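Engineer: sequence first, then the predicted structure:
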Amino acid sequence: MDYLTIIQILDSTVRLATPLLLTCLAGLFSERAGVVDIGLEGKLLAAAFLAGAAASVTGSIWIGLLAGVAGSLAFSMIHGLASITFKGDQLISGVALNFLAAGLTVVVGQSWFKLGGRTPSLPTEARFGEWNLPFSDALADVPFIGPLYHELISGHTALTYMALLAVPLSWWVLYRTRFGLRLRAVGENPSAVDTAGVSVVRLRFAALVIAGVLCGMAGTYLASLAAGFVKDMSAGRGYIALAALIFAKWRPWYALSATMLFGLLEAIGNRYQSITMGDFTIPVQFMQALPYILTVIILAGFVGKAIPPRAGGTPYVKER
Amino acid sequence: MTKMPKWADAVLIPLISIFLAFLLSGLVIMAIGKDPVVAIKTMVQGAFGSSNGIGYTLYYTTNFIFTGLSVAVAYHARLFNIGSEGQAALGGLGVALVCLYVPWPHWAIALPAAMIGGALFGAAWAFIPAYLQAKRGSHIVITTIMFNFIGSALIGYILLNYLKVPGSMSTESTRFGAGAHLPTFHEMLAPLGIEFNKNAPVNVSFLIALLAAVGFYFLIWRTRLGYEIRAYGQSETAAKYAGINPVRIVVIAMLISGALSGLMAINNVMGEAERLIDNAVEGAGFIGIAVALMGRNHPIGIVLAALLFGFLYQGGGELSFWESIPRELVVVIQALVIMFTGALDNMVRAPLEKLFIALNKKKEA
């Protein structure tokens, strides 16, 4: 494996990790506020569909982004209505939303475009363009640094850079602002927050709004990358993001490394059908299952312990 | 003070929830420019209009009874098993191995063996999440989701590398022998002089599913183990005080749940396909969640809910054929049923409770 191959694999790692990172951060905000979100997958899918549909009709991916975020937000609000307002089971609501997205995108897509559930494919100008950072072309031929800068660091879409920026931003919001402190508190001990005179319901809805926006961006990224919406195109990424969230122990910087790791696994799996090590061949299916296996091992607490926010999954009921 | 009579809790609330779910589904059909009445007529005609339709409806019903019971057993112990999909897939592998590697002389001997194979593999796939939940506190919802994906990768690997017919394009195993062929309704009803469609896949597994539902009732409400499972589900601390071992209950409840999911394979793998194909479960495990929620975790409710979903599944197929409404409409209905009977339960319950309290007051006054 030469240097350029490594750079190329890392480059596709960043591409594949971008939607995972955005979705993982979405889950992070929601779960840190005490609302478990299995519905990430559904939000991702709904956003990808609406983004693909709006971008193909208007020809602008930025309008697509607006539509994607709106769709994802709508799903987030249904989740809030069920699990915060009506104090329903957050897990069941999430499962229902995943199915709702899987079904509605195809039913509505077929009615709108008559293409068997997909949206018309997006021309280049209706997708996110690659951003070439300054001096990228000039530096391309410089040995070692050139490919690193030209291939890996430069030449991604706006959303990738936004996703990377979202990591320090999330850290700052969660750990350096009053809102963040309250948000984390509401996921650990909501009655204490309530006693302090801060609305638990408002905080949790605010967390779901952030989660909705981030998932909307991730879904739009998927639609742009694949040049349109295809049935079930999220392909379990919402669940991988959920796994990454556990892997990251609900922390923003760890989320970056966890999603990059899972992106790397996917990139390697895409590039090599099977990996031979001496006499032993690692099957491609093993590479596909590895993120899930790693998550189970982490969950089992054999390698460090992942402790979720304490109030996660339980609706808050004021004492009467 | 009882807020509501028992019948309202058991029957009225689910009926209202389902009504709301179907009302919204009707609106979805109208929103895509179709006529809900025509859609329902097409579905009823497709699902019950011929013995072929009935045969398919009951075939799907059989799948959903097994997965619905599976989700319900776990739910009685307050465990949310999302892993029925993976457990049923592994059950398929167990059934396939039993049917492929033994030259069975007659189905009556092959069926019990296949049932053991399917149940064992399904239970084994539920064991690790169960153990991790009981011993290490790893959340069962997340681990069972992960195990669905791991299971699907595992089946794909085994199918591609070991069971696939060499040289064949499709990823499926060889056909099972004639001795492993389960009698279909056509063959079972012919001696009685009843003509049943030859191509319908419903088979003797349907009766096994009904037996499983009866067994479920006795297990949960008439045995010591069932009592312990329910006690644990109601209150873990109270169960511990009563001397119930929580690790044991979690593991046993999940093993039974996994075994029930694995049993589904006698219907779809042994009864219908008669070979192992990739993604044979086709989401039946997830429908089990809707079926259990809708059936209030009671066998009678589960059988009825499974029948409803069997009708939706078969009718939905007809819908895509005649009305060009994609069969994913069934997934939308499934989502709405889960939403209204599961997560939005309080939305229906709270106003009803108020109503009944007001009525009671009036009576007393």
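Structural biologist: Ah, there it is.

Engineer: name the element the residue nearest to A:L104 when sequence neighbours are not counted belongs to?
Structural biologist: Excluding the flanking residues, the one nearest A:L104 by C-beta to C-beta, 6 or more residues apart in numbering or on different chains is B:V332, at 5.6 Å. No exception for glycine: its C-beta is placed from N, CA and C like everyone else's. Here B:V332, judged by DSSP states H and E, is contained in helix B:329-338.

Engineer: same for that helix, what does it pack against?
Structural biologist: Packed against helix B:329-338 by the contact rule (3 or more C-beta pairs under 8 Å, 6 or more residues apart in numbering or on different chains; DSSP states H and E) you find helix A:90-113, helix B:13-31, helix B:284-294, helix B:299-322.

Engineer: contacting residues for the residue in the stretch 101-250 of chain A positioned nearest to chain B?
Structural biologist: Going by C-beta to the nearest C-beta, chain B is nearest to A:G103 of the stretch 101-250 of chain A, at 3.2 Å. A:G103 sits next to B:328-335 when contact means C-beta atoms under 8 Å, 6 or more residues apart in numbering or on different chains.

Engineer: my guess is A:W250 meets A:P308, correct?
Structural biologist: Yes - look at A:W250 against A:P308 with C-beta atoms under 8 Å: they come within range, at 6.7 Å.

Engineer: and for those two, which residues touch both?
Structural biologist: With C-beta under 8 Å, 6+ apart, A:W250 and A:P308 have common neighbours A:E31.

Engineer: of all the helices and strands packed on helix B:329-338, which lies closest to B:L359?
Structural biologist: helix B:13-31 (15.8 Å; C-beta to C-beta).

Engineer: the closest one and chain A in contact?
Structural biologist: Yes - legend: contact between helix B:13-31 and chain A by C-beta under 8 Å from any C-beta of the partner chain is shown at B:28, B:31.

Engineer: can I get that helix in CSV? Just the C-alpha atoms.
Structural biologist: What follows is helix B:13-31, C-alpha atoms only, in CSV (Å, rounded to 0.1, in the frame of the first residue of the first chain):
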residue,chain,number,x,y,z
ILE,B,13,-58.2,2.3,24.0
PRO,B,14,-56.6,0.0,21.4
LEU,B,15,-59.6,0.4,19.2
ILE,B,16,-59.5,4.2,19.3
SER,B,17,-55.7,4.1,18.7
ILE,B,18,-56.1,1.8,15.7
PHE,B,19,-58.9,3.9,14.4
LEU,B,20,-56.7,7.0,14.6
ALA,B,21,-53.9,5.2,12.9
PHE,B,22,-56.1,4.1,10.0
LEU,B,23,-57.7,7.5,9.8
LEU,B,24,-54.3,9.0,9.2
SER,B,25,-53.4,6.3,6.7
GLY,B,26,-56.6,7.1,4.8
LEU,B,27,-55.5,10.8,4.7
VAL,B,28,-52.1,9.7,3.3
ILE,B,29,-53.9,7.8,0.6
MET,B,30,-56.0,10.8,-0.2
ALA,B,31,-52.9,13.0,-0.2
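
Engineer: now that helix: mean pLDDT?
Structural biologist: For helix B:13-31, mean pLDDT is 90.

Engineer: okay, angle between the very next helix or strand once past it and helix B:329-338 too, please.
Structural biologist: Next in sequence after helix B:13-31, counting helices and strands by DSSP H and E, comes helix B:36-48. Put simply, helix B:36-48 runs at 100 degrees to helix B:329-338, going by axes from the mean of the first three to the mean of the last three C-alpha atoms, to 10 degrees.

Engineer: now, of the contacts of A:G103, which are buried?
Structural biologist: For the contacts of A:G103, a burial check counting by 16 or more other C-beta atoms under 10 Å in any protein chain shown picks out B:328-335.

Engineer: what residues are up against the residue nearest to A:L104?
Structural biologist: B:V332 neighbours (C-beta under 8 Å, 6+ apart): A:99-100, A:103-104, A:107, B:25, B:28.

Engineer: rerun at 7 Å
Structural biologist: A:100, A:103-104, A:107, B:25, B:28 (C-beta atoms under 7 Å, 6 or more residues apart in numbering or on different chains).

Engineer: closest to A:A223 among these?
Structural biologist: A:L104 (15.5 Å).

Engineer: near chain A, which residues of the stretch 101-250 of chain B?
Structural biologist: Within the stretch 101-250 of chain B, the positions lying close to chain A (C-beta under 7 Å from any C-beta of the partner chain) are B:132, B:136, B:138, B:141-143, B:145-146, B:149-150, B:153, B:156-157.

Engineer: which one of those has the most neighbours?
Structural biologist: Compared across those, B:M146 has the highest neighbour count, 29 neighbours, by other C-beta atoms under 10 Å in any protein chain shown.

Engineer: just to revisit the earlier point, now for the residues of the stretch 101-250 of chain B next to chain A, which pair is the farthest apart?
Structural biologist: B:R136 and B:G156 (28.3 Å).

Engineer: look up phi and psi at A:T157.
Structural biologist: Main-chain dihedrals, A:T157, degrees, to the nearest 10: phi -80, psi 170.

Engineer: I'd say it and A:F128 touch.
Structural biologist: Yes - contact criterion C-beta atoms under 7 Å: A:T157 and A:F128 qualify, at 3.7 Å.

Engineer: what do the two both touch?
Structural biologist: Counting by C-beta under 7 Å, 6+ apart, the residues touching both A:T157 and A:F128 are A:S224.

Engineer: and B:G243, that one's in a helix?
Structural biologist: No - per DSSP: H, G, I helix; E, B strand; the rest coil, B:G243 lies outside any helix segment and is coil.

Engineer: what about the residue lying closest to A:L256 once chain neighbours are set aside, how many neighbours?
Structural biologist: Nearest in space to A:L256, with sequence neighbours left out and distances taken as C-beta to C-beta, 6+ apart, is A:V167 at 4.8 Å. Per other C-beta under 10 Å, the neighbour tally for A:V167 reads 19.

Engineer: ok, A:V167 - contacts?
Structural biologist: A:252-253, A:255-256.

Engineer: switch the cut-off to 8 Å
Structural biologist: A:21, A:25, A:252-253, A:255-256.

Engineer: kindly report the same for B:H139.
Structural biologist: Counting by C-beta under 8 Å, 6+ apart, B:H139 has contacts A:299, A:308, B:133.

Engineer: the nearest residue to the first one once chain neighbours are set aside is in what secondary structure piece?
Structural biologist: If the residues on either side of it in the chain are set aside, A:L299 comes closest to B:S138, at 3.9 Å by C-beta to C-beta, 6+ apart. B:S138 is located outside every helix and strand, with elements delineated by DSSP H and E.

Engineer: and B:S138, how far from A:K114?
Structural biologist: 45 Å (C-beta to C-beta, to the nearest Å).

Engineer: B:V98: what secondary structure?
Structural biologist: Counting by three-state DSSP, the backbone at B:V98 sits in helix.
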